[in-house]
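> Next come a sequence and a model predicted from it.
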Amino acid sequence: VGFATETELQKGLTYTLDGVIAKPLIEEKCEIVANAFKRYKDIQLTYGDDFKEFKKAKAELNQRLQALNNELNTLLAKEYGIDYDPKSSKSCESYESWLRQYLPFHWFAEFYEIVQENGGFDVIIGNPPYVEYSKIDYKLTGYNTIKCGNLYAFVIERSKSLSTSFSRIGMIIPISSICTDRMIDYQKLVHNGHSWNSLYAERPSKLFSGAEVQLVITILSNSIDNKMYSSTYNKWSVDYRDFLFDNVSYVSIQNLIRKGSLPKIGSQTEISILSKLMKQKKSISHLQTKNTRYFVSYRNAGGRYYKVILNYEPDFKINGEQKRSSTYQFLYFESQAIADAFCAIMNSGLFFWYWLMFSDTWHMVNREIGSFPIELDSKLILKLSSLNRKLMEDLRHHSISRIENRNKGVDKVEFTQFNVRESKPIIDEIDTILAKHYDFTNEELDFIINYDIKNRMGKELSEPGFSQDDEDEQDKLLLS
């Protein structure tokens with residue numbers, strides 16, 4: 001909250017009638033500060049041994065800056081509807097209350113040399129607060145990212161305004177910043193110039209111990225042209241931490257950006273796979289219908305290493321009564337064969353990779369599902385639907401029914417838990433068929449089949465198909 005640059009200040013001086021009236025006085029104080037700063041700087045350069053003169057010049061500069069700050073606070077308060085009259089005790093009380101609540105900070109005044117003389121900071125680094133705007137008790141004005149609704153977006157926008165044309169900004173923020181629709185205005189900000197995004201999961205290990213949040217380290221630089229780079233979606237064990245950053249590499253994703261999402265791609269192989277997908281002229285959404293009896297079902301959240309897509313609705317009971325979990329979503333198609341084909345596609349390793357590339361890596365929404373590129377013909381439908389029947393049978397065979405007490409023992413919940421790992425060979429068959437359809441090379445098919453294989457097939461996970469934190473989250477969602 002406050003005026004960051006002279007440009008913002010000049011805008012504020014013409015924003016209201018109060019600003020227009022205050023303009024000559026504030027500009028005069030700015031000029032006085034500029035002169036005091038020049039004298040302070042000259043004494044440093046020419047009278048370095050004269051400590052008294054240096055101390056006097058510094059005190060004068062601080063005094064002038066304080067006077068300027070007071071004027072800026074008064075102007076800003078009026079923009080917030082606080083009309084300050086030093087002769088009125090009621091007005092003073094209201095103004096002081098506003099100051100305590102908003103704590104305005106004017107970078108233009110506090111860092112006058114850097115902002116005004118040098119044009120901004122050369123380097124800005126930080127781990128800004130991941131706090132919802134709705135949870136703070138003050139209002140912001142003049143931010144292009146205000147609809148993003150989180151303070152870290154505002155911090156980075158402010159940082160951009162405080163940076164020079166050749167500066168670097170580095171921030172550690174949630175990965176949702178680059179892959180959710182509500183952060184589109186922030187993504188536009190990132191698009192303006194050059195940016196490098198390295199991506200980090202929170203399992204098996206995490207950047208911040210104890211913080212269950214997936215992160216992106218975003219490095220920004222101002223430039224007249226726009227270029228975007230990404231790393232792979234990094235997953236690592238704790239003993240690899242010391243080598244993690246040394247092995248980060250980037251590829252250009254400038255031509256792969258989608259509205260609301262920057263792809264988490266880190267190799268030329270992945271770029272090639274995605275490029276081949278994009279050659280398809282249709283997507284899943286083209287064959288969706290509404291409320292027919294042919295559907296696929298899926299959980300809209302959870303499942304860190306596998307997504308379970310079914311052509312039926314799984315059992316879910318509370319106290320012995322069949323219920324429909326609020327976490328299950330449905331896609332409808334015009335025939336059982338088409339529904340089965342899409343069920344197979346959505347269980348494939350290729351779809352899982354595609355979903356990870358563009359999603360927030362936790363929620364399944366129609367933005368990623370419906371946009372998956374695929375053109376189906378009768379032969380492909382026949383092959384995929386046949387494999388899907390085989391997959392559904394295998395998933396049932398390896399599933400278990402769980403009964404657990406919830407809500408402090410009030411509710412007995414029964415649900416199906418799937419051991420997807422055991423069905424990986426069938427999923428590989430589906431990927432082989434899809435690889436032929438998209439004309440993948442052997443290397444590209446091998447990449448998809450073995451994507452994140454250590455974690456997806458690892459024995460260190462507590463339960464087949466899901467890690468313990470997935471399971472706990474699943475139970476919470478099933479009861480929501």
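Everything's here; your move. Numbering: from 1, shown residues only.

> Test of understanding: give the bridge partners of S252.
With DSSP bridges applied, S252 shows beta-bridge pairing to Y229.

> and the gap between it and F440?
21 Å (C-beta to C-beta, to the nearest Å). (C-beta placed from N, C-alpha, C; glycine too.)

> try I345
Per C-beta to C-beta, I345 is found 15 Å from F440.

> Neighbour count: the two, which is higher?
Between I345 and F440, I345 has the larger neighbour count (other C-beta atoms under 10 Å), namely 26 against 22.

> Going by neighbour count, which residues of the helix or strand the more buried one falls within are buried?
Taking DSSP states H and E as the definition, one finds I345 inside helix 336-347. Using 16 or more other C-beta atoms under 10 Å as the test for burial, helix 336-347 gives A337, I338, A339, D340, A341, F342, C343, A344, I345, M346, N347.

> Please identify which of the residues you listed is nearest to L287.
Within the buried residues of helix 336-347, the smallest distance to L287 is 6.1 Å, found for I338 (C-beta to C-beta).

> one step back: any chance of the buried residues of helix 336-347 in CSV, plus distance to L162?
Below are the buried residues of helix 336-347 laid out as CSV (distance: C-beta to C-beta, whole Å):
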residue, distance to L162
A337, 59
I338, 54
A339, 54
D340, 56
A341, 53
F342, 49
C343, 51
A344, 52
I345, 47
M346, 45
N347, 48
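
> any idea which of the residues you listed is closest to I273?
Nearest to I273 among the buried residues of helix 336-347 is I345, at 14.8 Å by C-beta to C-beta.

> if I pick L76, what's in contact with it?
Applying C-beta atoms under 8 Å, 6 or more residues apart in numbering, we find L76 in contact with V1, G2, F3, G12, P104.

> export these to CSV and tack on neighbour count?
CSV is the format used below for the contacts of L76 (neighbours: other C-beta atoms under 10 Å):
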residue, neighbour count
V1, 17
G2, 20
F3, 26
G12, 23
P104, 17
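
> Give me the subset of these lying in helices.
G12 (DSSP state H).

> Name the nearest of the contacts of L76 relative to D225.
Nearest to D225, judged by C-beta to C-beta, of these is F3 at 29.7 Å.

> Just give me the neighbour total for R402.
14.

> Apologies, that question was intended for H286.
By other C-beta under 10 Å, 12 other residues sit near H286.

> That one should be in a strand, yeah?
No. In this structure, H286 is helix, not part of a strand, as judged by DSSP: H, G, I helix; E, B strand; the rest coil.

> measure it to E71 for me?
Distance of H286 to E71, given as C-beta to C-beta: 61 Å.

> How about S275?
In terms of C-beta to C-beta, S275 sits 57 Å off from E71.

> Neighbour count: the two, which is higher?
Per other C-beta under 10 Å, whichever of S275 and E71 has more neighbours is E71, with 18 against 11.
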